[in-house]
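Trainee: Here is the input, now give the coordinates:
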Amino acid sequence: MSDLFWLTAAQMARMAPFFPKSHGKPRVDDRRVLSGIIFIIRNGLRWRDAPTAYGPHKTLYSRWRRWSGKGIFARMMAGLAAEHGEEKTVMIDATYLKAHRTATSMAGQKGGRGRLIGRTKGGMNTKLHAICDSQGRPLDLFITAGQVSDYIGARALLSGLPNVKWLLGDRGYDADWLRDALQDKGIRACIPGRKQRKTPVKYDRRRYKRRSRIEIMFGRLKDWRRVATRYDRCPKIFLSAIALAATVIYWL
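Mentor: Predicted coordinates for the structure are as follows:
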């Protein structure tokens, strides 16, 4: 029993405002069910392998599918992350998440279209694009197929950037349109230039070293086995797993 994960009363209090209202028959104990869902995602188990202390595995799976479909966990992370208070620096980066064969199976939706899974040198992957604050806490998340360029993720995340002074990124984000867009927002870019650039780009090397914090964030998210390996066919449900992991690790 001591090896199982249980949400504390304080953690439940922070999550509760994002729960959907219960209509008709009262829901099964939220703390028990959500603790079981977190245990499954963190340890990469099948739903049927859930410890009996969390109740019937069908209840856990049903709640997970229903709330993920409604975007509850994504809104929960976004709502809690909105309290970040960051005023100086954010960082942008992307990482690959391996897709298991159960996620890449073509059964069901013809051709597997819309699943946001693509073939790369490392196999079938989904790419996670993220913005984090100066402490390495995720502020915004976005997923694409694995072969999609970092520019696509940057375009999607650009509108949600907080009002800060600096954005740190690696060479994959060296594009004139991005630098111009950041300048329009009053944000200074700390991004090294690509090697094929004819005119070298100056950047703050000392400040750039802090970008390691977003790499550490990705590493901590991948400690959750259902994040490091994608088992879910539906991209909305997979993004919910990432958002729930980010919420528990950083925002509770």
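Trainee: Show the subsequent helix or strand relative to the helix or strand where residue 189 lies.
Mentor: Element membership for residue 189, per DSSP states H and E: strand 188-190. Of the helices and strands lying after strand 188-190 in sequence (DSSP H and E), the nearest is helix 205-208.
Trainee: helices and strands around that next one, which ones?
Mentor: Where contact means 3 or more C-beta pairs under 8 Å, 6 or more residues apart in numbering; DSSP states H and E, helix 205-208 is packed against strand 166-168. All C-beta spots, glycine's among them, are computed from the backbone N, C-alpha and C.
Trainee: which secondary structure elements does the strand it packs on contact?
Mentor: Packed against strand 166-168, as judged by 3+ C-beta pairs under 8 Å, 6+ apart, are the following elements: strand 89-99, strand 188-190, helix 205-208.
Trainee: Show me the one of these that comes nearest residue 119.
Mentor: When the helices and strands packed on strand 166-168 are ranked by distance to residue 119, counting by C-beta to C-beta, first place goes to strand 89-99 at 9.7 Å.
Trainee: just how off-centre is the closest one within its chain?
Mentor: In terms of C-alpha atoms, centre = their mean, to the nearest Å, the centre of strand 89-99 is set 8 Å apart from its chain centre.
Trainee: What strands line up against it, and which way round?
Mentor: Counting by DSSP bridges, the strands paired with strand 89-99 are strand 123-133 (antiparallel), strand 166-168 (parallel), strand 229-230 (parallel).
Trainee: what residues does the helix or strand following that strand touch?
Mentor: Next in sequence after strand 89-99, counting helices and strands by DSSP H and E, comes helix 101-104. The list of residues contacting helix 101-104 from outside it, by C-beta atoms under 8 Å, 6 or more residues apart in numbering, reads 112, 115, 117, 124, 230-233, 238.
Trainee: Could you tell me how many residues sit around residue 132?
Mentor: Residues near residue 132, counting by other C-beta atoms under 10 Å, number 29.
Trainee: Likewise for the one 4 residues further on?
Mentor: Burial measure for residue 136: 18 neighbouring residues, criterion other C-beta under 10 Å.
Trainee: tell me the pLDDT at the nearest residue to it once chain neighbours are set aside?
Mentor: Take residue 136 and drop its neighbours on the chain: the residue closest to it by C-beta to C-beta, 6 or more residues apart in numbering is residue 213, 3.4 Å away. Per-residue pLDDT puts residue 213 at 96.
Trainee: any idea which element residue 213 lies in?
Mentor: For residue 213, the enclosing helix or strand under DSSP H and E is helix 212-222.
Trainee: which element follows that helix toward the C-terminus?
Mentor: Secondary structure here is assigned by DSSP H and E; on that basis, the next helix or strand after helix 212-222 toward the C-terminus is helix 225-228.
Trainee: Give me the contact list for that following helix.
Mentor: Counting contacts by C-beta under 8 Å, 6+ apart, the residues touching helix 225-228 from outside are 40-44, 97-98, 221-222, 232, 241-242, 245.
Trainee: list the contacts for the closest residue to residue 68 other than its chain neighbours?
Mentor: In space, not counting the residues next to it along the chain, residue 68 is nearest to residue 240; the distance is 3.8 Å by C-beta to C-beta, 6+ apart. Contacts for residue 240 (C-beta under 8 Å, 6+ apart) come out as 64, 67-68, 71-74.
Trainee: that older thread, is it true that the residue nearest to residue 136 touches residue 135?
Mentor: Yes: in this structure, residue 213 is within contact of residue 135 by C-beta atoms under 8 Å, at 7.0 Å.
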